[in-house]
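# my questions concern the predicted model and sequence given below.
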Amino acid sequence: MATGFNVPGMTAKDSKTVIKALQDRLNAYTDLHLTLKHVHWNVVGPTFIAVHEMIDPQVEAVRGFADETAERIATMGGTPVGTPGAMVKDRGWDEYSIGKDTAQAHLGALDLVYTGIIKSQREAIETVGELDPISEDLLVSQTSQLEQFHWFIRAHLESSSGQLSTAGSKTEAQAAAAAKKAK
């Protein structure tokens, strides 16, 4: 994980903890930007173009998060791993489960995807917080943007009374079905 040097002021043990948390984020960002591109390619229906065009800036931003995170790992003396096999082996979440479907279905599923990634972002922030304020700042900044993207998704799923069509859904398939039914 570490290559034998640390950033000044950090112990090897703390560096390894932070690098491990950042590698998990790198895996999450790689998976997320590929999932978002999958949605971009497979969304259909009357609101296709709006969702299609909303997703691309998210893809680009998340790709940038992956690059920033990999570079932070390298700066800390680690070796960022960006191969598909390593990501699949190490990830703690399931493959995105929705294929070609309506915009509402994909947005419903993405609501759960973003919920999961933001929750794990906050856990990573907690892990690195006192060990490395530089990595914490990076994660906080990225999380802020992820939360905004999540809001964009949820705006399509929210009723005028503030209820989410995906409320109570436990799986992407359930969320997709709930979002389609509510529309």
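Arrived safely, thanks for sending.
# what element comes up after the helix or strand of the chain at the bottom of the mean pLDDT ranking heading to the C-terminus?
One helix or strand of the chain scores below all others by mean pLDDT, DSSP states H and E: helix 84-90, with a mean of 85. Moving toward the C-terminus from helix 84-90, the next helix or strand (DSSP states H and E) is strand 101-102.
# packing partners for that next one?
Contact here means 3 or more CB pairs under 8 Å, 6 or more residues apart in numbering; DSSP states H and E; on that basis strand 101-102 packs against strand 43-44, helix 172-182. Every C-beta, even on glycine, is put in place using the N, C-alpha and C of the backbone.
# list the buried residues for the least confident helix or strand of the chain?
Using 16 or more other CB atoms under 10 Å as the test for burial, helix 84-90 gives M87.
# the helices in the chain, which residues?
12-42, 48-75, 84-90, 103-128, 133-155, 172-182 (DSSP state H).
# contacts for the shortest one, please.
Helix 84-90 is contacted from outside by 23-24, 27, 30-31, 81, using CB atoms under 8 Å, 6 or more residues apart in numbering.
# what do you get for stretch 176-183?
98, 101-102, 104-109, 111, 157, 159, 165-169.
# okay if I get the helices of the chain as TSV plus distance to F5?
Below are the helices of the chain laid out as TSV (distance: least, CB to CB, whole Å):
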stretch	distance to F5
helix 12-42	9
helix 48-75	10
helix 84-90	22
helix 103-128	18
helix 133-155	16
helix 172-182	41
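# sorry, back to before: mind giving me CSV with the helices and strands packed on strand 101-102 and columns for distance to K119, mean pLDDT and mean neighbour count?
CSV is the format used below for the helices and strands packed on strand 101-102 (distance: least, CB to CB, whole Å; pLDDT from 0 to 100; neighbours: other CB atoms under 10 Å):
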stretch, distance to K119, mean pLDDT, mean neighbour count
strand 43-44, 25, 95, 19
helix 172-182, 15, 91, 20
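# residue contacts, I117?
28, 32, 146 are the contacts of I117 under CB under 8 Å, 6+ apart.
# for V128, see how far away the first one is.
A28 sits 14 Å away from V128, taking CB to CB, to the nearest Å as the criterion.
# compare the helices and strands packed on strand 101-102 and give me the one nearest D137.
helix 172-182 (31.3 Å; CB to CB).
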